[in-house]
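Enquirer: quick one, what's the 3D model for this:
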Amino acid sequence: MAGLGAVLILRKIGPFAALGVALVVGGCTNWWMPVATPESWDIRRHTQDPGSLPYALVKVTSDVMKLLAANPPGIGGTFRDRRAAETIKFGIGDSVDVSIFEAAAGGLFIPAEASVRPSNFVTLPTQRVDSEGNISVPYAGAIRALDRTPAEVQKSIVDALSNRAIEPQVVVSLADQRTSLVSVLGEVNQAGRFPVNHEGERILDAIANARGPKQEGYNTWVLLERNGKRATVPFGALVYAPSNNIFVRGGDTIYLYGQAQTFLAFGAFGNPSATASSSQGQYDFEQWRLSLAEAIAKAGGLNDLLADPNSVFLYRGERREFARRLGVDVDKFEGPIVPVVYNINLRDPAGYFYARSFPMRDKDVLIAANAIAVEQGKIYQYIRLVTATINDPIVAATNALSLRNLIKFSLRI
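Expert: As a prediction, this is how the structure comes out:
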């Protein structure tokens, strides 16, 4: 009888009251109804379990797009000094040539009979900077060369000879460079160590010295290590974001490796007739640059029967200083990387212009949340399931009673 009473109550509630129940309950279905992603209102309200990772929600606007356009990934942001390489200094093992000139014959290096010589200078044998960092010059002794420029070494030699030679002048040049080298390793056609050009060379120049990358550019990553700091960018970012193509310095290590750029897509993507596995999952960029609009298209677009176009979210970690420029209160976060969730509204036609220019990055996560009506539909289905579960025994009992009465009536006839 209790079950029959519950059914009668549900029948009296009516469709409009059931709709009200669905509207109220639909806002809290994420903990007891099946769902593929966080619901849009939970993301916007930052509904989180105690102790979960905090994040910043950023709505994509024209101002945000300008900041993203001025913030290319990688090397340019890590290594701020983009000047040409300084004058190369000598290091231990470098080979040095020294030429000494005197103003007249009869001096320290030019004999009195120098009139028969073709010039008024002598060139010392090529020598290496020794383990103490010195070179040896006759009558001048050991001259410090380590971490000094040719001009500085020339002045030291002139000062040491000025009281003995006749108006000495000195030319010091680098014969064989062994210390101001850049190492280019990994997936290149000719790995090795290459001397830094006096005029200055950029990262792409150093890679060209190694005869370029082995693989396609869009699947190649470039890592630069300098003085204990590292930064990594896709190879294409050296071309389409010139601020990454900085000058190399002696001692730099450039490492190239192959790895596809990918992003993850979850939620209401794909053709309504397609299976979930064909629209959600991991996708390769397969090109140097990929926009948010292209990424959504790769995932099959928004599902017309499920998606809320106003609730498309992109999860990414941003550098602390850039998050501050986005308007995020970075004091609430620890560490150099701030978790940021970008929200783009594709119900607004202008949102597609933003999506077309919004740059995707490796390992970004895309989420398309379900529309509220979809979650309400789940409530209706649940109510129908409960109603049917309660009602079926009653209907069966009623049918049995009706059949029994029919049999009795038939026997009387």
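Enquirer: contact partners of stretch 196-211?
Expert: Here stretch 196-211 makes contact (CB atoms under 8 Å, 6 or more residues apart in numbering) with 75, 84-85, 87-88, 177, 180-182, 184, 188-192, 194, 213, 222, 224, 238-239, 244-250, 252, 254, 256. All C-beta spots, glycine's among them, are computed from the backbone N, C-alpha and C.
Enquirer: same check on stretch 156-171?
Expert: 98-104, 106-110, 137, 139-141, 143-144, 148, 154, 172.
Enquirer: what is the burial count for E39?
Expert: Residues contacting E39 under the criterion other CB atoms under 10 Å number 22.
Enquirer: for it, give its distance to F313.
Expert: In this structure, E39 and F313 are 11 Å apart, going by CB to CB, to the nearest Å.
Enquirer: likewise for I296?
Expert: Distance of I296 to F313, given as CB to CB: 12 Å.
Enquirer: who touches both of these two?
Expert: Both I296 and F313 are in contact with 366, 368, where contact means CB under 8 Å, 6+ apart.
Enquirer: which residue ranges of the stretch 101-250 of the chain form strands?
Expert: 121-123, 127-128, 134-137, 141-144, 169-176, 181-186, 192-195, 220-226, 229-234 (DSSP state E, counting those that start in this stretch).
Enquirer: contacts for the shortest one?
Expert: Applying CB under 8 Å, 6+ apart, the set of residues contacting strand 127-128 from outside is 93-96, 98, 135-136.
Enquirer: buried ones among the contacts of stretch 156-171?
Expert: Buried by 16 or more other CB atoms under 10 Å: 98, 100-102, 107-110, 137, 140, 143, 148, 154, 172, out of the contacts of stretch 156-171.
Enquirer: of those residues, closest to N345?
Expert: The closest of the buried ones among the contacts of stretch 156-171 to N345 turns out to be R148 (CB to CB; 61.0 Å).
Enquirer: max-length strand in the protein?
Expert: Criterion DSSP state E: the longest strand present in the chain is strand 307-319.
Enquirer: elements contacting the helix or strand just after it?
Expert: Using DSSP states H and E, the helix or strand that follows strand 307-319 in sequence is helix 320-325. Counting contacts by 3 or more CB pairs under 8 Å, 6 or more residues apart in numbering; DSSP states H and E, helix 320-325 packs against strand 337-344.
Enquirer: buried residues, the next helix or strand after the strand it packs on. List them.
Expert: The element immediately downstream of strand 337-344 (helix or strand, assigned by DSSP H and E) is helix 351-357. Neighbour counts over helix 351-357 (16+ other CB under 10 Å) mark 351, 354-355 as buried.
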